[in-house]
Structures are given as C-alpha cells and as structure tokens.
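In: for reference, the sequence and a predicted model appear below.
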Protein chains: 2
Amino acid sequence: MATIADVAQYTGLSSATVSRVINNYPHVSKDKRKLVHDAMKELGYFPNTSARNLRNRKTNLVAVLIPRLTNPFFTLILDGIEKVAEANGFQLIICQTKSSKKKELDFLNLLQTKQVDGVIFTSIENEWEEIEPFTAHGPIILCNEYHHNATVPMVRLDQVQGSYLGTQHLIRKGHTRIAYCMGSTSGLSTDRRRGFFNAIEEAGLEVKPEWIFRDTYTMEDGKRVFIELLKLSERPTAIFTGGDEVASAMVKEARRNGLDVPKDLAILGFDDQPIASLIEPELSTIYQPGDEIGARAMDIFIDCLNGTQERNRATVKMLPLSLVVRQST
Amino acid sequence: MATIADVAQYTGLSSATVSRVINNYPHVSKDKRKLVHDAMKELGYFPNTSARNLRNRKTNLVAVLIPRLTNPFFTLILDGIEKVAEANGFQLIICQTKSSKKKELDFLNLLQTKQVDGVIFTSIENEWEEIEPFTAHGPIILCNEYHHNATVPMVRLDQVQGSYLGTQHLIRKGHTRIAYCMGSTSGLSTDRRRGFFNAIEEAGLEVKPEWIFRDTYTMEDGKRVFIELLKLSERPTAIFTGGDEVASAMVKEARRNGLDVPKDLAILGFDDQPIASLIEPELSTIYQPGDEIGARAMDIFIDCLNGTQERNRATVKMLPLSLVVRQST
DNA sequence: ATGAAAGCGCTAACAC
DNA sequence: GTGTTAGCGCTTTCAT
C-alpha cells in the first residue's frame, strides 16, 4: 500500500503538500497539484481512512438502531436517513436490536469507542435513564420512537392525533366494542394509547381489559391475536392493530375463518405500507411518512455535528399523521 | 477523552501493560489487571477504534451493496449477513446502489481507502471487468447475483433450476402463451432466462418478442407490465414475473380490470416474500432462501479474511430453489 | 511480568 | 507556496 510519504518521495515534495492536494486546499501551485495527482495514480495511492479518522477525530459514520431489517416501515425510515446521509458524505452502520434492551445498549458502545460520530434511534427499548449517559460521547437523535423525558433532539409523528383519528373513524362507523393492540412502554406507545382512549372516552365507550393485546409486532402476532379474539365471549367488532403487518395477517386469518372484513370485524392498520393496498380487502390505515422523519432526523444529526443545533437539549420536530380509509373498516 | 496514556499514568504502569489488559493478553499479573480495570472505569476510558484500526490494519467493517433497502428480498439477505456478522464482531455498512453503475463503483472506494475490510455484493450493475481491479484491495464476495466470469467466491441460488421449475409448472397447467419479465444482464438474469427457455423449448412452445418485458423490479413495474399486456392482440395466458413485488401488483391490477387470476391470467412470482401468502389469490412463487445465502456469504467472507479460503479464485456455493404452488397459477 | 520506544498514515501549526 | 515536525491513540517488538 502506497502512503502519503511514498507520494511525497516520488514527487520530491513534502507530505504536507501532498496532503494539501488530497484535501483540495488552496495555496498549492497548479503544476505541483498535477504532479501529485499523477503520482497518486502512478503509485495506486489511496488515503487511509483509519489514519484520517484518527487524526481528524471524525469517522463520518452513523449508527442507526432499528428493531428488524425485515420490517418495511423501519427500512423506509432507514431509506430516508440514507438519502440525506449519502448527500452529506456519511455512511450508515446497521444496528439491529431485535428489540433487545441489551443489544441496544451494546450498540452504544460504538459511540464510546468513537467508531461512529453519533447514533440515530428509530426504536427504543431501554428507559431514558439508561441511555442518557451516552449522550456525553456524541449526538444521539431519536427518530420515530421517543421518550417524553429524553434530553436530545427528536423527530417524531403525532401519535396521539394518529390513533385518535383512527379510533374516531372506527367509532363513526358505528363500532362500540373496539380492541386495541399495544407495543412497548415508550412515549410513542403511551401517546398512541392516549389518542385511542381520548376517542373512546369522548364517545362514552368502554374497553374491556381482555380487548387489549400486548407485544404485537409481527404477522405471527397478528394471527395469534385474532385467534385469541375469536375465543372472547363478548367479541369486539373492530380492532386497532398498531401496524400493517399485524393487520394484514389478521385480515387473512379472519377470512380463513369465514369472517367478513369489515362486516364481522373491522381491522385498522398503521403505517400504510405497500402491502396495505395490495391485500383484499385493502387496509384502512394511518399513513406514517417514514422516509420523511428519517431524512429530517439525519438533517438534525448533521446540524448537531457542526454545532448549528444543540445536541443535549430536548427539541421536538413533529409531523402529522393521516387516516387512509380503504376497505377493511 | 481518556487515552491509554492516562490510564498508564494513573496506575503507574506502562501503556504496554494497559494495552495488554485491554486485549486480554496473558502474562499480566492478576493484581495489575484489576488495577487497570479499575482505573479504566474511574477515568471513563474507552479504546479509540480509529487508532486501533490504524494500528491493526483492520476495521471489522463490511460494505454490503444492495439495490434498495425497501426491497424485502434484499433485506432478507441483509438479515442473513447481519446474523453471521454480529456473531463474529463485524459491523455492516449499508450501500444502496439504487441500481446505478456509478454508485456501485463509488462504493468500492470504501475498499481502496481501507474504510472496510471487504465487500459483499447482493446485486451487480457493472460488468465483471469493471469490478475485478478492486479485488486487489480486499475480499469481494458475490451473494445472490453473480457473473459467470467472476474470479471471487460466490454464493448463489440455482436460477436455471428455479425458473425451469416455475415455467414447467405453468406449462403443465396447460399454458402455451407465456410471458416473461427479465431484469439486468447479470449471470442471474441470463440463467433465469435459460431455465425459462429450457422449459419452453422442451415443450415445443414459442415465445413472441412482445411477451418479453424488461427492467421489471417494482410494484410500479408490475402495474406497467400488466397494462402493456392487456394491449396485446395475442395475449399470453400466464406470466413469469421474476419477483413477488411485481407479481403482487400485477395480481391487483388484473383483478381491478375484472380478470380472474389464475383463470384469465396465471401469475407466477419469485422470492416467496411474506406478501405472497397474504394477497388473494395467494401467490404461486419460487422460494429463495435469502437469509441463508446471506449467512453463507458472510461465512465465506470471514474465511477469506483469515486466510482459510482463497479470495481471488472463483468458487461457487449453490443452493437449490423450490416451487411453491398456491393459487395464482 | 513489565517497560521503552518505534511507528501505523495522516494533518496542521508553524516557519520560511 | 512549500517544508518540518509534532502528534492523533494504539500495538508490538525488543529489552530486562
């Protein structure tokens, strides 16, 4: 491997001048610049990234925490992040947490060891108190999921509004027994729950404890919940699923069991993934602009790095959610 | 930021000893080891990755080239790669090529500048001649897509067999006018094409040029192809789509146009993505074990790095494909 | 078992 | 406009 010293020697110049050429600094004469470029090509020289990173105290690497790569909503966010990263010379390191608290914390090690310049969370498993200490080592941005007591920039969607809208829609359709699927204990989950109950209470309805399902993320979960639902003596006529994957599997399972969707059971998704408009009946759902929040999160990350934005202060950029009515409700 | 020198000074030991403790070397007395550990905790010390990378000439980073993050089949491969990477202390850098030749080549820069230890391709845009020179800088593994003249390890699926199986199935269902969707010019595409025509010729059938569609990757493409198909005077009764996304969109569009699938048009997918068993009618398709080839590719990558396997010789690990018959054919 | 010191490849402050 | 040189933080001979 040719080094900067080799190029310097080859050209009879100093390594400083070579470095200046590499980094496009001014104050280098045209001819020497060309001389260096030719030598680099001749010697097959490429700057060593590790050496530069060490010297510059910067890696241009961002760790992105994501629960599962196979969840289309999260890859959509990732895609949004990537777009902005790409345009600004950053590379992304994939960190699949598999919804594990421990893995999530382990990945923060990348920040402490300066392997990355910062971290973007798209989901959160640990309480904020666990994560907060790591903010000392670099910017941490929360994108999509959040904690209300977090002390860093957040880009998120108005979950209260989104779930309120969806639930209100079910109520207007005449449903009085509505089931609810909930996820974790993050701010996102509690807000969604609040929106749901806001609509429920506003309508003077009641939700039985057995109509509330937990840990619902995958298609498997959707199937499972439907089966449990079937067993209920006083069966809900509508369900708020919290995700298109769960909803799709549930629609499938309902039809397999001879139920008519939405007549016998109205099913509301969340996300508006491509699948929502592909299945039959098409899924009514809440549209979440995943790529948009991803892109905005990366924007803010960059601002934090170059000091345009404070990185240890809670700021919230909130985007609206919207209801998409199709056929499953 | 505390450095190794700080820890050395704090403990009254040399930086060499501290380094030995960090790297779990033998020949360090129990008490000094503890002394160092305590000091590291006390000072909030973390080893600097850039410095280590520079010194060790290794990054434990792998660049994974993928056309689009939002394509579920490719994220499945990514998931397989990640599983093995994780278990072996490697991190992945996402490289979305967006099917651009230029971007693909640009990402190989990561290899030249030693930002990553090697590269795994899951798709290929450029001819092998363009890529070959980069093999000098580190291991390159082809996973999924391939070139027949490539000179590196490949993990791939038996595309000839897969498309043969699928086409044969359509023929056995009585179809004589079968349309075909093709992708790029890679070995994968040519092999798939060969399998298709093997079955076609074996049955003594003919395929009109206008039944062959190009650049079919997305749901948009599926819709587009269906519309073109409709215009055909002598319309095919079955279509080999080459992808579940294309197939799903086509099924949707066909039904929207009042066609019965499979009676009026049989549609065969490829991949067996989750969506295949969610839509109606359920998609007949070719199952591709994406996570499996991803994992095997990463295995081989690791073997190449530690010299267990030659990295500049064409070797092929080929896994079989299988037909999944559901309702769309 | 421990330490001294060289050096991985690069950048930037300083000198001229 | 160009060169000298001192590190960035770590690992690894080579001593002892």
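Out: Nice, I can see it.
In: going forward, measure contacts between C-alpha atoms and count neighbours the same way
Out: OK.
In: tell me who's in contact with the most centrally placed residue in chain A.
Out: Among the residues of chain A, the one closest to the centroid is A:Thr122, at 3.1 Å (C-alpha atoms, centre = their mean). Neighbour list for A:Thr122: A:Val64, A:Leu65, A:Ile66, A:Pro67, A:Phe74, A:Ile77, A:Leu142, A:Cys143, A:Asn144, A:Glu145 [criterion: C-alpha atoms under 8 Å, 6 or more residues apart in numbering or on different chains].
In: would you mind measuring from A:Val292 to DNA strand C?
Out: Quick fix: residue A:292 reads Glu, not Val. Computed as C-alpha to the nearest atom of the strand, to the nearest Å, the A:Glu292 to DNA strand C distance reads 33 Å.
In: ends of stretch A:87-105, how far apart?
Out: With C-alpha to C-alpha, to the nearest Å as the measure, stretch A:87-105 spans 29 Å from end to end.
In: with stretch A:176-188 instead?
Out: First-to-last distance for stretch A:176-188 - C-alpha to C-alpha - comes to 25 Å.
In: may I see the buried residues of it?
Out: Buried positions in stretch A:176-188, judged by neighbour count with 16 or more other C-alpha atoms under 10 Å in any protein chain shown: A:Thr176, A:Arg177, A:Ile178, A:Ala179, A:Tyr180, A:Cys181, A:Met182, A:Gly183, A:Ser184, A:Ser186, A:Gly187, A:Leu188.
In: from the residues you listed, which land in strands?
Out: A:Ile178, A:Ala179, A:Tyr180, A:Cys181, A:Met182 (DSSP state E).
In: who touches the second one in this structure?
Out: The reference is to A:Ala179. A:Val207, A:Trp211, A:Ile212, A:Phe213, A:Pro236, A:Thr237, A:Ala238, A:Ile239, A:Phe240.
In: from these, pick the one nearest B:Tyr10.
Out: A:Phe213 (53.9 Å; C-alpha to C-alpha).
In: so what sits opposite that closest one in the bridge?
Out: Here A:Phe213 sits in beta bridges with A:Cys181, going by DSSP bridges.
In: now the residue nearest to the centre of chain A: closest residue in space, sequence neighbours ignored.
Out: Leaving aside its sequence neighbours, A:Thr122 sits nearest to A:Cys143 (C-alpha to C-alpha, 6 or more residues apart in numbering or on different chains; 4.8 Å).
In: contact residues of chain A facing chain B?
Out: Neighbours of chain B within chain A, by C-alpha under 8 Å from any C-alpha of the partner chain: A:46-51, A:53-54, A:69-70, A:72, A:75-76, A:78-79, A:91-95, A:112-115, A:248-249, A:252, A:275, A:278-280.
In: repeat that with 6 Å
Out: Neighbours of chain B within chain A, by C-alpha under 6 Å from any C-alpha of the partner chain: A:46-51, A:53-54, A:70, A:75, A:92-94, A:113-115, A:279.
In: which of the residues you listed count as buried?
Out: Buried by 16+ other C-alpha under 10 Å: A:46-51, A:53-54, A:70, A:75, A:92-94, A:113-115, A:279, out of the residues of chain A next to chain B.
In: tell me, which of these make contact with DNA strand D?
Out: Among these, the residues within reach of DNA strand D (C-alpha under 7 Å from any atom of the strand) are A:Ala51, A:Leu54.
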